[in-house]
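Engineer: Sequence and predicted structure, then a few things I'm wondering about:
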Amino acid sequence: VGAQREAVEAVDPALVLNEVLKARAGELERRRAQVQVSGEFPMVACHQAYLRQVFDNLLSNAVKFSGDRPGLAINVVAERKGDRVRFSVADNGLGIPAPQRARVFDPFVRLNPGPVHGSGIGLTIVRRIVDLYGGQVWIDANAQGGCTVVFTIPVLGDFTKERPSVVELEDGLNRSI
């Protein structure tokens, strides 16, 4: 479960998130998930494959731990905070009890070992990647009853780039960015 620091590069988190959403589009559509993406997505200093892994693990967990209830909602928000970007991935799933929130970042910890498949290392990988870049990761409750995973990573200087407000995926789905 070790992540090794790669050369830091300029990464566009909006494009990385879009790649992950494209890869998971079929699964999200089968679940009739409503995905909202909003906020400020400045260029960040990290490794693109690692950021992709973070978003993929968080979206995977949002889907896996939403139960069989209809109406899965996932909200991804990016917000610049000084020299960091604060990303949050919120869902309306089963949630994580407050006393267990720190534990889920430990290797092989599974709170609900029932029918949900997984190894218990997804959030461990997220934490290790975020730690590589001097960021932080934590879990908050949210008003929808699920949980919100929040992580920070460094902004790449003051470099910003114009981005479309809506990205049209190849499958015809539109995601607001």
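Structural biologist: That came through fine.

Engineer: Quick one: classify the closest residue to residue 40 other than its chain neighbours as helix, strand or coil.
Structural biologist: When the adjacent residues along the chain are set aside, residue 40 lies closest to residue 80, with 5.0 Å between them (Cβ to Cβ, 6 or more residues apart in numbering). All C-beta atoms are positioned from the backbone trio N, CA, C, and that covers glycine. Using DSSP: H, G, I helix; E, B strand; the rest coil, the structure places residue 80 in strand.

Engineer: Confirm for me that residue 80 is in contact with residue 154.
Structural biologist: No - contact criterion Cβ atoms under 8 Å: residue 80 and residue 154 do not qualify, at 10.9 Å.

Engineer: worst-scoring helix or strand of this structure, pLDDT-wise?
Structural biologist: When the helices and strands of the chain are scored by mean pLDDT, DSSP states H and E, strand 166-168 comes last with a mean of 44.

Engineer: thinking again about what came up before, bridging across strands, which residues link to the residue nearest to residue 40?
Structural biologist: Listed by DSSP bridges, the beta-bridge partners for residue 80 are residue 85.

Engineer: Next up, the contacts around it.
Structural biologist: In this structure, residue 80 makes contact with 40, 42, 86, 155, judged by Cβ atoms under 8 Å, 6 or more residues apart in numbering.

Engineer: at 7 Å instead, please
Structural biologist: Residue 80 makes contact with 40, 42, 155 under the criterion Cβ atoms under 7 Å, 6 or more residues apart in numbering.
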